[in-house]
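In: Please find the sequence and the predicted model below.
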Amino acid sequence: MPELTYLEAVRAAMHDEMEIDERVFVMGEDVGRQGGAFGATKELQQRFGELRSIDTPVAESGIVGVAVGAAMAGQRPIAEMQFADFVSCAYDQLITCAAKMHYRIGWSVPLVVRCPNGGGVGGGPYHSENVEAWFHHHAGLKIVCPATATDAYGLLRSAIRDPNPVVFCEHKFLYRRVKEEVTTGVRDGARRAGADAGRHPRSQPGRLLRAQVPLPPHQGDAAERRAAGAAGQRPRGARGQ
């Protein structure tokens, strides 16, 4: 079991998902040849090629916009914001497009937007925001804020596999200050035979992966009826014989 920093755990999660799923790719400013501003995507381009580790212009709206289109076309993009503060430039793509698409036309948008955020690293006023609250009040998005290296690894793999758009907030102060043993390389990335993989024994990623705002009542009832019918059970509150 390797000992990884928070940053190395993030990199390992992306590597392991790219290894087993060719739909997964990363894109962002300097994520390819340079390996990202913090080194989170280091060597991914050398390992998987330029089409799966894509250097982009400095254009957050374009990065997320392309990621939304790729996700709707069946890919699993990971869009990196070099600094989370500038995800505000992509607010329209995330909120107006990605977050609403499933409710509007029933399409999944399985993308992850990685946001290195937080202060304490001398970033100044334009590179130190905590952005999770900007998105937590909007339906259709999931917000992830891992606190440990094990959580970062397990939650990022889960986020990449999630059919919904996920904003993945990584606190920069933790990148090289948090270090612990992390189980990596497990094929399913989350569980095997009921055992935890890549998580702290007391952590439960599901608690950190905040679910979408519940569906409107009529959609929630329909989903419940379908699930209950498939299981041969009577839906809650159902009437009849």
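Out: Structure received.
In: For His127, which non-adjacent residue is closest in space?
Out: With sequence-adjacent residues excluded and distances taken as C-beta to C-beta, 6 or more residues apart in numbering, His127 is closest to Phe83, at 4.7 Å. (Glycine included, C-beta is placed from N, CA and C.)
In: residue contacts, that neighbour?
Out: 37, 116-117, 123, 126-127 (C-beta atoms under 8 Å, 6 or more residues apart in numbering).
In: Generate a PyMOL selection restricted to the buried entries among those.
Out: Buried residues within the contacts of Phe83, by 16 or more other C-beta atoms under 10 Å, are selected in PyMOL with:
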select buried, resi 37+116+117+123+127
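In: now the helices for the chain?
Out: Secondary structure of the chain (DSSP state H): helices located at 6-20, 44-48, 60-72, 91, 99-105, 132-136, 149-161, 205-208, 217-230.
In: Most tightly packed of these?
Out: helix 149-161 (a mean of 26; mean count of other C-beta atoms under 10 Å).
In: Okay, angle between that one and helix 6-20 too, please.
Out: Here the directions of helix 149-161 and helix 6-20 differ by 40 degrees (axes from the mean of the first three to the mean of the last three C-alpha atoms, to 10 degrees).
In: what mean pLDDT does helix 149-161 have?
Out: Averaged across helix 149-161, pLDDT comes to 97.
In: His136 and Cys145 touch, don't they?
Out: No - His136 lies out of contact with Cys145 (C-beta atoms under 8 Å); the separation is 9.6 Å.
In: Let me have the helices of the chain in CSV, extended by distance to Val31.
Out: Formatted as CSV, the helices of the chain follow (distance: least, C-beta to C-beta, whole Å):
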stretch, distance to Val31
helix 6-20, 10
helix 44-48, 8
helix 60-72, 10
helix 91, 21
helix 99-105, 23
helix 132-136, 21
helix 149-161, 15
helix 205-208, 24
helix 217-230, 37
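In: Nearest to Glu29 among these would be which one?
Out: helix 60-72 (7.6 Å; C-beta to C-beta).
In: Summarise which helices and strands the closest one is packed against.
Out: Packed against helix 60-72 by the contact rule (3 or more C-beta pairs under 8 Å, 6 or more residues apart in numbering; DSSP states H and E) you find strand 24-28, strand 76-80.
In: Poorly predicted segments of the protein, please.
Out: For the chain, the stretches with pLDDT under 70 are 186-241.
In: quick one, domains of it?
Out: Using automatic domain parsing, the domain parsing of the chain gives 3-210, 212-241.
In: Can you measure across stretch 95-115, start residue to end residue?
Out: End-to-end distance of stretch 95-115: 15 Å, with C-alpha to C-alpha, to the nearest Å as the criterion.
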